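> Build me a model:
(one chain, ligands or ions: 1)
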Amino acid sequence: MNPNSLVSIDDISREEIIDLIERARFFEEHPNHKVLDGKVVATLFFEPSTRTRLSFETAVNRLGGRIIGFSDASTTSSSKGETLKDTIKMVSNYVDLIIMRHYLEGAARYATEVTDTPIINAGDGANQHPSQTMLDLYSIYKTQGTLENLTITMVGDLKYGRTVHSLLMALRYFNPTFRFIACKELRMPKEYRDFCDANGIRYTETTEFDADSIADTDILYMTRVQRERFSDIMEYERVKNLYTLRNDMLAETKPNLRVLHPLPRVNEIDQDVDDNPKAYYFDQARNGLFARQAIICKALGIDIYKEARS
Ligand code: CP
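This next block holds a predicted model:
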């Protein structure tokens, strides 16, 4: 495995998280810093994406590198039965870095085992989405001025939502207090509740989502119910609209509260919330460009500050 790969947020330390946030801030100030001259990056998306793929590709373009890849695996030889192993080994012949999203949990980890080319996991099933976590952390840091001692309320699909799983793990370094709001079918999985217990992280769980349940919250992290992960579509229909943030629910919340959502949104945030100054999800998606520039340079071992000085 290439040690520069980013497969799980669990692979990176507190110091590395803070370093990546500082690098993201650098790229927000220098978005067209051309440090990827001569580098080719592959984006292999076996699952749909708008933000993750386009922000990674914009990041490479703004850094001066080249992109190859696909956004629809049905147009590739995987539709003829080529294995993931063979696809990764082939693409490794052409590029310096592979960014991949796959519907199978563990696919990115598996890819690191069949190539020495660094791999960035852009989402593997319901498991992990570490680059999303870095942009979430950057967004939290920008809006709160700190990552420490925050109260974070996660709402919606806490079972299949890989972004909440990755964020929960990353925040273990920063003394968070979590509130998990979900119906019993979409409850935060036991392994993540156990993770909280093992790491001394405070959390409460409730099925109620109202103004009272977010009164002391700093970050309100809304999530989409992940229809594509349900084996029983009737169960999806039962739970898909249980939790919707209305504008009036934000009236008595803390002044520093910001609403985050990894997007895409379906019905979980009313459209009129978009004009509330506490809505931050579109800025959050913009921060993804800078966080991903930082992640790409780290994966390629590029000293961005040295390049900036020269
Ligand atoms: N947040 C996120 O992963 O969005 P996409 O699925 O559009 O990439």
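> What are the boundaries of the helices in the stretch 51-200 of the chain?
Ranges of helices within the stretch 51-200 of the chain are 51-63, 84-92, 107-114, 130-144, 162-170, 190-198, based on DSSP state H, counting those that start in this stretch.
> Tell me which residue of the stretch 151-300 of the chain lies closest to the ligand.
Closest contact between the stretch 151-300 of the chain and the ligand, by CB to the nearest ligand atom, is at residue 262 (3.8 Å). Heads up, the C-betas are built off the backbone N, CA and C, glycines and all.
> The stretch 101-250 of the chain now?
The nearest approach of the stretch 101-250 of the chain to the ligand comes at residue 132, 5.4 Å away (CB to the nearest ligand atom).
> Now for that residue, how many residues are close by?
Neighbour count for residue 132, taken as other CB atoms under 10 Å: 26.
> Quick check: it touching residue 166?
Yes. Contact criterion CB atoms under 8 Å: residue 132 and residue 166 qualify, at 6.6 Å.
> Excluding chain neighbours, what is closest to residue 57?
Distances taken as CB to CB, 6 or more residues apart in numbering place residue 67 nearest to residue 57, at 5.2 Å, with adjacent residues excluded.
> Tell me who's in contact with the one you found.
Counting by CB atoms under 8 Å, 6 or more residues apart in numbering, residue 67 touches 40-43, 57, 60-61.
> what are the bridge partners for it, then?
Residue 67 has these beta-bridge partners by DSSP bridges: residue 41.
> Could you check how far it is from residue 202?
43 Å (CB to CB, to the nearest Å).
> again, but for residue 146
Distance, residue 146 to residue 202, by CB to CB: 17 Å.
> ok, now residue 238?
30 Å.
> Next: residue 236.
In terms of CB to CB, residue 236 sits 31 Å off from residue 202.
> ok, the two, which is more surrounded?
Of the pair residue 236 and residue 202, residue 236 is the one with more neighbours under other CB under 10 Å, namely 17 against 11.
> Per-residue confidence, the most centrally placed residue in the chain, what does it come out as?
By CA atoms, centre = their mean, the chain has its centre lying nearest to residue 132, at 1.7 Å. Per-residue pLDDT puts residue 132 at 97.
> residue contacts, the residue nearest to it when sequence neighbours are not counted?
In space, and not counting its chain neighbours, residue 132 is closest to residue 163: 4.9 Å by CB to CB, 6+ apart. Taking CB under 8 Å, 6+ apart, we find residue 163 in contact with 129, 132-133, 136, 223, 262.
> cool, and residue 245?
By CB under 8 Å, 6+ apart, the contact set of residue 245 is 155, 220, 222, 259, 268-270, 273.
> Write the ChimeraX selection for whichever of those residues are buried.
Of the contacts of residue 245, the buried ones go into a single ChimeraX selection, burial set by 16 or more other CB atoms under 10 Å:
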select :155,220,222,259,268,269,273
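> Columns pLDDT on top of the contacts of residue 245, output as TSV?
Output for the contacts of residue 245, formatted as TSV (pLDDT from 0 to 100):
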residue	pLDDT
155	97
220	98
222	98
259	98
268	95
269	98
270	97
273	98
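> Can you pull the residues of the stretch 51-200 of the chain lying near the ligand?
51-52, 123, 132 (CB under 6 Å from any ligand atom).
> Same check on the stretch 201-310 of the chain?
So the stretch 201-310 of the chain meets the ligand at 262-264 (CB under 6 Å from any ligand atom).
> That concludes my questions; thank you for your assistance.
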